[in-house]
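Peer 1: got a structure for you, letters missing:
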């Protein structure tokens with residue numbers, strides 16, 4: 001992921017994975033189309049994971065695809081990373097308990 005981001009003139013700031021999806025925080029210039037970056041990230045990672053772990057992942061595919069065709073992108077503009085992190089952490093907290 002980091003190598004692909006660098007190739008696209010972006011910076012991978014954070015990476016987290018779950019059993020069925022990943023979370024990436026990427027610093028991206030406005031000149032880079034998000035759809036192009038996501039396509040490159042999915043394509044390169046799919047190629048590497050298939051080559052390295054085929055026997056483990058072949059039963060987990062979306063048909064013949066490694067990744068779902070969908071993705072979610074959220075822009076944080078000028079907000080600090082701490083503010084974004086707090087926002088994410090409070091998503092599952094009831095309103096009355098939020099700071």
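Peer 2: Sure, I can see it. Note that the structure is predicted; figures quoted are calculated from it, not measured. Residues are numbered from 1 along each chain as shown.
Peer 1: for this structure, what spans make up the strands?
Peer 2: 11-17, 22-27 (DSSP state E).
Peer 1: what helices and strands are in contact with the last one?
Peer 2: Packed against strand 22-27, as judged by 3 or more CB pairs under 8 Å, 6 or more residues apart in numbering; DSSP states H and E, are the following elements: strand 11-17. Glycine gets a C-beta too; all of them are placed from N, C-alpha and C.
Peer 1: mean neighbour count, the strands of the chain: which tops it?
Peer 2: Burial of the strands of the chain is given as mean neighbour count (mean count of other CB atoms under 10 Å); strand 22-27 ranks first at a mean of 15.
Peer 1: that strand vs strand 11-17, what angle?
Peer 2: On the basis of axes from the mean of the first three to the mean of the last three CA atoms, to 10 degrees, strand 22-27 is oriented at 170 degrees to strand 11-17.
Peer 1: quick check: neighbours of strand 22-27 in the sheet, parallel or antiparallel?
Peer 2: strand 11-17 (antiparallel) (DSSP bridges).
Peer 1: dump the strands of the chain to a markdown table, plus distance to residue 82 and mean pLDDT.
Peer 2: Below are these laid out as a markdown table (distance: least, CB to CB, whole Å; pLDDT from 0 to 100):
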| stretch | distance to residue 82 | mean pLDDT |
| --- | --- | --- |
| strand 11-17 | 13 | 83 |
| strand 22-27 | 13 | 85 |
